[in-house]
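A.B. asks: give me the fold of what follows.
(2 chains, ligands or ions: 1)
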Amino acid sequence: MAKKNPTKLASASTRVEELMTGTTVFNVPLPQDLKRLKTMSPIVIKHPYLVEYIHSYGQDSPFFAGLSNGKLLGTRCRKCNYTYATPRLACVTCGRETEWVELPQEGRVHTFTTCYFGSEEFLKETPFHLVLVEFDGVDTLFLSRLLGPERPEDIRIGMKVKARFRRNSQLKPTDVYFVPGE
Amino acid sequence: MRPVYMVSGGVSKFEKARPDATFQKMVKESFDYAMNDVPRLKRHMIDGSVVSYFSDHFTRQLMAGIMATDYLGLCPKPNKRVEGGGATGGLCFQAAWEAVASGRMNVCAAYGFETMSHVPTWKGNEFIALASDVNFDYPVGGFYSGYYAMMVNRHMHEFGTTVEQLAMVSVKNHMNAYFNPYAQKRRKLTIADVRDSEMVAYPLTLLDICVMSDGAATCLLADEETAFRLTDRPVRITGVGTGTDMMRMSDRPHGEVILAPNEKKSDYRKLKYPGVHSFRAGRSAGLQAYRMAGITDPIREIDFVELHDAYTSSEIQTYEDLALCKYGGGGKFVEEGHPFMPQIDYGLKLKKRGTIPVNPSGGLIACGHPVGATGLMQAVFAFWQIQGSIRKHYGDGELQLAKANRGLIHSHAGTGTYVTVSILERGW
Ligand SMILES: [Zn+2]
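C.D. replies: Okay, the predicted model is just below:
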């Protein structure tokens, strides 16, 4: 019986990493016979696109000011007796203007996920947990990150969570996040 | 309103990337295919058109709609762009229906496209996530697979739906696509393959989620008189419905179920609706379309469904929204085999297969999802199914249903913000 070659063979997945960088090209070849142009390979170029927006939070600005002061602010329709966890200044049921109210800082996980991949902007932060938090006496939910549990199996729907705030506020909704309560 | 018929359709084969073609050329491929299938229709007979693509970020070209339209030689006739996230194609189809139903046009072309390969996958996910509230949702970790994963975790909590049931949707749709040459992913899978593939957003794996694509599709719609002059097998659009819901999932109400004709209030004593487990927009769109088409018992009165399965979970949620089963029954519905094709071997034990085949084409999960084209692609596949011309267009008749007189198409945007449902029926 022949001895097996101990050297490990390259598998189908053995590949060099693909890069988004390229080489500066000054000219491309062109055939003498223009009839052959339709068989030419496509030219693919790279085009960066960077924009800085001057983005206003408008009427929702107090929510972000609240986060930087360690407060979670929602809004409430007095007529409908309905409290929005994520603020909106107009009640969707009756159309009236709502009032700012302070929300509780303890709630429960209404649902959750763990993202192992993400949008490019957040890819470096993966894996991370997203939760929708429900609060007593509040009619809608609040989207946030959950810190603490390691794996999704460690998170339960209904589990108690409490808010924590960044000390150096970034004026982003991520200035607040949740950790397991108790 | 006057009756409206679909007379032809075409799809450019969806691919991961089409570097050989700009979006105009892809649209032209699908348009030419549709035109060649009804030789009696001449371009001068088209009164106007509607065009759809989802994201200006992918094209990096504003007003790409007019560029597709001028490439087709349809200027100076009426045209407009229609956009509504993932439901863009479905909205475009219905906008063309409106143009003909109102009498504004006798023949209207609807075409859509997306060029998602122009950025890397994770940048593409970022562009898609920008279709969530950029003040409150996107910055927390904007990722659509994450949003849908939160919805299905609540669905599982509420109703006991299992990850194996989700995986069965993936097995079904990939297997159907095995016989569809237009599909991007044609694979024979097992439940274990789906569960063992890479975790993307718990509990959704890579094989629970559709991929990004480049592609285009075209539908040609006409009034009754013109339709029968053009073809002896026109397909009538007998019902249209469009539903909406709040952009932020967290804002959705927890109220009472909107009841379908075959449901009673007592079916849902304890269920808070729609919460984040169900798509109120899908229910709303479905019920409008059923009312218009005179459907009261959808599972018996509809022969097949092409629905927006961007996620295996959203296919299960949509069975319920469309009242193919009761809310909460979606997992069992697929487990028992109802949405599987009767003639195909999936390597699964199924008790009641083929009650109402769902996504006979392979759906988005296997065919791909070039957003602006997707809803129109579903219309084309449903049109061929009803015409009985699957063998002609696929080059293989395996997916042709024996009875396909009435089909439902369903197009859906981010977490159920826009949903369209249209009913297509044999018109001859
Ligand atoms: Zn109110």
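A.B. asks: what's near enough to touch A:V179?
C.D. replies: Applying C-beta atoms under 8 Å, 6 or more residues apart in numbering or on different chains, one finds that A:V179 lies in contact with A:L146, A:L147, A:G148, A:V161, A:K162, A:R164. Yep, even glycine has a C-beta here, placed from its N, CA and C like the rest.
A.B. asks: please pick the buried ones from these.
C.D. replies: In the contacts of A:V179, burial by neighbour count holds for A:L146, A:V161, A:R164, counting by 16 or more other C-beta atoms under 10 Å in any protein chain shown.
A.B. asks: so who does the last one touch?
C.D. replies: Okay, so that is A:R164. Listed by C-beta under 8 Å, 6+ apart, the contact partners of A:R164 are A:L147, A:V176, A:Y177, A:F178, A:V179.
A.B. asks: the fourth one touches A:L146, doesn't it?
C.D. replies: This means A:F178. Yes. At 5.1 Å, A:F178 counts as touching A:L146 under the criterion of C-beta atoms under 8 Å.
A.B. asks: which residues do those two both contact?
C.D. replies: Common neighbours of A:F178 and A:L146, counting by C-beta under 8 Å, 6+ apart, are A:V131, A:V161.
A.B. asks: show me what the longest strand seen in chain A is packed up against.
C.D. replies: When chain A is scanned for its longest strand (criterion: DSSP state E), the result is strand A:106-115. Where contact means 3 or more C-beta pairs under 8 Å, 6 or more residues apart in numbering or on different chains; DSSP states H and E, strand A:106-115 is packed against strand A:128-134, strand A:142-146, strand A:160-165, helix B:144-159, strand B:199-201.
A.B. asks: what residues does the strand or helix carrying A:A65 touch?
C.D. replies: Assigned by DSSP states H and E, A:A65 belongs to helix A:61-68. Here helix A:61-68 makes contact (C-beta under 8 Å, 6+ apart) with A:57, A:72-73, A:87, A:100, A:102, A:165-166, A:169, A:171-173, A:175-176.
A.B. asks: residue contacts, B:V163?
C.D. replies: Shown here is B:V163, whose contacts under the criterion C-beta under 8 Å, 6+ apart are B:M156, B:R195, B:P203.
A.B. asks: please report how far it lies from B:L204.
C.D. replies: In this structure, B:V163 lies at 9 Å from B:L204, with C-beta to C-beta, to the nearest Å as the measure.
A.B. asks: about what we covered before: and of the helices and strands packed on strand A:106-115, who's closest to the ion?
C.D. replies: The ion lies closest, by C-beta to the ion, to one member of the helices and strands packed on strand A:106-115: strand A:142-146, at 19.2 Å.
A.B. asks: what is the closest one packed up against?
C.D. replies: Judged by 3+ C-beta pairs under 8 Å, 6+ apart, strand A:142-146 is in contact with strand A:106-115, strand A:128-134, strand A:176-180, helix B:138-141.
A.B. asks: try 7 Å
C.D. replies: Packing partners of strand A:142-146 (3 or more C-beta pairs under 7 Å, 6 or more residues apart in numbering or on different chains; DSSP states H and E): strand A:128-134, strand A:176-180, helix B:138-141.
A.B. asks: what about the shortest one, near chain A?
C.D. replies: Yes. Shown here: helix B:138-141 in contact with chain A (C-beta under 7 Å from any C-beta of the partner chain) through B:P139, B:V140, B:G141.
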